[in-house]
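Novice: sequence first, predicted model second:
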Amino acid sequence: MAFNWRERVRNVCPAIAAALGGPLAGAAMKALSTAVLGKPDATEEEISTQLAGATPQQLLELKEADDQFAEQMAQLGIERDRLSLEDLQSARLLARTDHTADYLAWIYTAGYFAVVMALWMVAVPADVRTLLQQLFGALTAAQIMILHFYFGGTHKAKGAP
């Protein structure tokens, strides 16, 4: 049976392992490569070979690298949330002096409900129904963004179900 280096990574460094399967895979591979081989651009084969013969001390160092990676990802998350909040606040401050967004929201909302009424009152031919349903879905998504802008969004508190 061949050595499965990903299984070892999953057992020793869960934060890096979780990131390997997502959009942060590059950062995770760089952290893993640096921890295992001391260079940021090792191949999977080099990592596999090194992990197959890893000593307990090397596994401990790998675990420490995992802790650092998890901390960096948490800091990036905080930074991303802060930037998102600043962007939202600046848009709302602009809306206090420039009412273009207000006018567009009113026009869009009136148009949205006009489409709702038209779809409700007008018999739609079967060959156009799918296209109109897709359009209605896109309009609804944009309407949700308008509501989110004016009334805010909800974010789960940490630890909330």
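Specialist: Sure thing, it's come through. All values reported here derive from a predicted model rather than from experimental measurement.
Novice: where does the prediction get shaky in the protein?
Specialist: For the chain, the stretches with pLDDT under 70 are 1, 78-81, 83-84, 153-161.
Novice: helices of that one, start to end?
Specialist: Applying DSSP state H to the chain gives helices spanning 5-12, 14-20, 25-37, 44-52, 56-97, 100-121, 126-151.
Novice: the last one packs against which elements?
Specialist: Helix 126-151 is packed against helix 100-121, with contacts defined by 3 or more CB pairs under 8 Å, 6 or more residues apart in numbering; DSSP states H and E. In short, each C-beta sits where N, CA and C put it, glycine included.
Novice: other residues contacting stretch 130-141?
Specialist: Here stretch 130-141 makes contact (CB atoms under 8 Å, 6 or more residues apart in numbering) with Tyr112, Val115, Val116, Leu119, Val124.
Novice: whichever of those end up buried, select them in ChimeraX.
Specialist: Selecting only the buried entries of the contacts of stretch 130-141 in ChimeraX, with 16 or more other CB atoms under 10 Å as the criterion:
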select :112
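Novice: now Pro14: how far from Trp5?
Specialist: Note on Pro14: its distance to Trp5, by CB to CB, to the nearest Å, is 15 Å.
Novice: show me which of those two is the more surrounded one.
Specialist: Neighbours were tallied for Pro14 and for Trp5 using other CB atoms under 10 Å; the higher tally belongs to Trp5 (19 against 13).
Novice: no more questions from me, cheers.
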